[in-house]
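In: Next input, structure requested:
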Amino acid sequence: PGTSKTYSAKKFICDEIGITGDDWEKQIENYHLVTNNNEYKEPLIGKKTYWDIIQFHPSYTYEDFVRGIAVFPNQKPIYGEIKGENEYSIKMNPVNSIEYKSINKTIGKIAKLSLNAYKKAERENKLDECPNYYLIIDEINRANLATVFGELIYALEYRGEEGKIKTPYVVDGTDSLVLPPNLYIIGTMNTADKSIGIIDYAIRRRFLFFKLLPNVNTIVNSINKKSPEADIKCCIEIQLFYVINVLFENCLNTFDYEKEDVQLGHTYFLRKSSDTKEIADQAMYRFLYQVVPIIFEYKKDGILDLGKIKSMNNSVEKEILKILSEILNANENKKIDKYKKMVTILVSPDAQSLIEKYLNDMINDKNIIISKDWSLINSYELPYDDNLFFYRDVNNTDSQNLGIYIDEKNRYHTSGYSGICVLKDKNNND
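Out: Numbers count the residues shown, from 1 in each chain. Purely as a prediction, here's the structure:
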């Protein structure tokens, strides 16, 4: 939970479109499909990418996702005749009359739109210009996927006419449904969700799976953006994230759970203000009223065993978790006092040393730079050498020398953990 899954899915589509800038979340809405008379429509004609997003839940069904029956008011007039000495023809608008129609639902609508675009590009021999359509399914594992997808499982693997399937519903005169090659489905799933259904292998093998884990680097970036001069190890967001890491390292029920499946993510700890008081208040209230309730549920569900705190060896971390345990059971008017007591320990020299070590370990794993003291960064000097630089194309991944290469836009790159690289020409100029 809280690892930017939906955000990352949208960012992926943004990158596919080629959108840049800090306002990308606003720009991407220009490519968001709209609904008109129960049909998807492109908001802008002639673009290469379009998308939509829906969310699954436990009561989601095939009739919500693929095709189903909808109820519409009956606007057709009723005609009748009265015969007798004089004949009359009567036209009457029915009151509260309804009719039932088979219609496409989300995947049926976007499949129809994307298939029309694919066939048009195929007829015009312009498949390289065919637009792509993306459907993001948020919380995909909260529904019973075998029931929701139904026979669509076959069409997921065999795209185009080869994978044409028959549905129980006739729409636009046909019961067939085709998923074209230019339609992509992106699902996000929270592995800690208690309401998840089991994803069977038939569905699983039709998707690629990527893990999005808690990442301290995302927190560091949010701090650097709002407070460029901040000492990272002294920032409250980093300190609280460290507390959660210590909690899951020491108290997780490892017999039944994996840490990466249940640990709280970085989005609970992002800095969203530059004001000192707002920074402190936001961190405290998010921790007490977003993070702590989840930890409390984890404790009740047996995911976390706080009894393990007693056997911890590190006295500082042990004291921090003891106070956290007290926060879980404290009355509302006592929570803030106990939180402040925990923060007091977090800013102590012993705790700061532990936090710095934790960050340094993360630096080794993820190449995060938290120090602004350039004297701490190793420097290496080499004489100018033409062989130091080489041009590497997309298909050539070989490295040589320092791994410095120039791409097609004359940008310099280094491989590995080179850090800061100063390039000098033959005249020893930077």
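In: hey, let's count contacts and neighbours off CA atoms from now on
Out: OK.
In: show me what contacts E99?
Out: By Cα atoms under 8 Å, 6 or more residues apart in numbering, the contact set of E99 is 71-74.
In: How about C251?
Out: 304-309.
In: how does it look with 10 Å?
Out: 299, 303-309, 312, 321 (Cα atoms under 10 Å, 6 or more residues apart in numbering).
In: picking up where we left off before, any idea which of the contacts of E99 is least confident?
Out: Minimum pLDDT across these is recorded for N74, with 71.
In: Could you measure from it over to L304?
Out: With the distance defined as Cα to Cα, to the nearest Å, N74 ends up 57 Å from L304.
In: for A9, same thing?
Out: 30 Å.
In: more neighbours, those two?
Out: Between A9 and L304, counted using other Cα atoms under 10 Å, L304 has the larger neighbour count: 22 against 19.
In: Check which element follows the helix or strand harbouring I244 along the chain.
Out: Using DSSP states H and E, I244 sits within helix 236-251. The element immediately downstream of helix 236-251 (helix or strand, assigned by DSSP H and E) is helix 259-262.
In: Just list what that following helix packs against, helices and strands only.
Out: Packing partners of helix 259-262 (3 or more Cα pairs under 10 Å, 6 or more residues apart in numbering; DSSP states H and E): helix 236-251.
In: Going by neighbour count, list what's buried in the helix it packs on.
Out: Buried residues in helix 236-251, counted by 16 or more other Cα atoms under 10 Å: 236-248, 250-251.
In: same check, this time on stretch 159-179
Out: Buried residues in stretch 159-179, counted by 16+ other Cα under 10 Å: 159-160, 163-165, 167, 169-171, 177-179.
In: and if you look at stretch 40-59?
Out: Neighbour-count burial for stretch 40-59 flags 40-42, 49-53, 56 (criterion: 16+ other Cα under 10 Å).
In: Looking at the residue nearest to F241 when sequence neighbours are not counted now. What's its pLDDT?
Out: Leaving aside its sequence neighbours, F241 sits nearest to F269 (Cα to Cα, 6 or more residues apart in numbering; 6.7 Å). Note on F269: pLDDT of 96.
In: Repeat that for A70.
Out: 89.
In: just L44 next, same as before
Out: pLDDT for L44: 88.
In: Three-state assignment for it, please.
Out: Of the three states, L44 takes coil under DSSP: H, G, I helix; E, B strand; the rest coil.
In: can you confirm Y40 is in a helix?
Out: No: assignment of Y40 by three-state DSSP gives strand, placing it outside any helix.
In: Use 31 as the first number for this chain going forward.
Out: Fine by me, first position is 31 from now on; the one you just mentioned is Y70.
In: and it, what does it touch?
Out: Contacts for Y70 (Cα under 10 Å, 6+ apart) come out as 63-64, 82, 136, 138-144.
In: Could you do E192 as well?
Out: The contact partners of E192, by Cα under 10 Å, 6+ apart, come to 184-185, 208-210.
In: hang on, the earlier thing: cross-reference the contacts of E129 with the strands and report the matches.
Out: 101-103 (DSSP state E).
In: Point out the other helices and strands that the helix or strand that contains K196 packs with.
Out: Counting by DSSP H and E, the element that carries K196 is strand 195-201. Counting contacts by 3+ Cα pairs under 10 Å, 6+ apart, strand 195-201 is packed against strand 97-103, strand 128-134, helix 182-187, strand 204-207.
In: and the gap between the nearest residue to D82 once chain neighbours are set aside and F237?
Out: The shortest distance from D82 to any non-neighbouring residue, by Cα to Cα, 6+ apart, is to L165 (5.1 Å). Separation of L165 from F237 (Cα to Cα): 13 Å.
In: what sits in contact with each of the two?
Out: Joint contacts of L165 and F237 (Cα under 10 Å, 6+ apart) are 215-217.
In: which of those tops the neighbour count?
Out: Neighbour-wise, these (other Cα under 10 Å) top out at G217, 22 neighbours.
In: From E46, how far out is that one?
Out: Distance, G217 to E46, by Cα to Cα: 17 Å.
In: Ok, Y315 next?
Out: Distance, Y315 to E46, by Cα to Cα: 36 Å.
In: How about A313?
Out: The spacing between A313 and E46, counted by Cα to Cα, is 34 Å.
In: who's more crowded, the two?
Out: Looking at A313 and E46 with other Cα under 10 Å, you find the greater number of neighbours at A313, namely 18 against 12.
In: show me the contacts for N68.
Out: Listed by Cα under 10 Å, 6+ apart, the contact partners of N68 are 133-136, 139.
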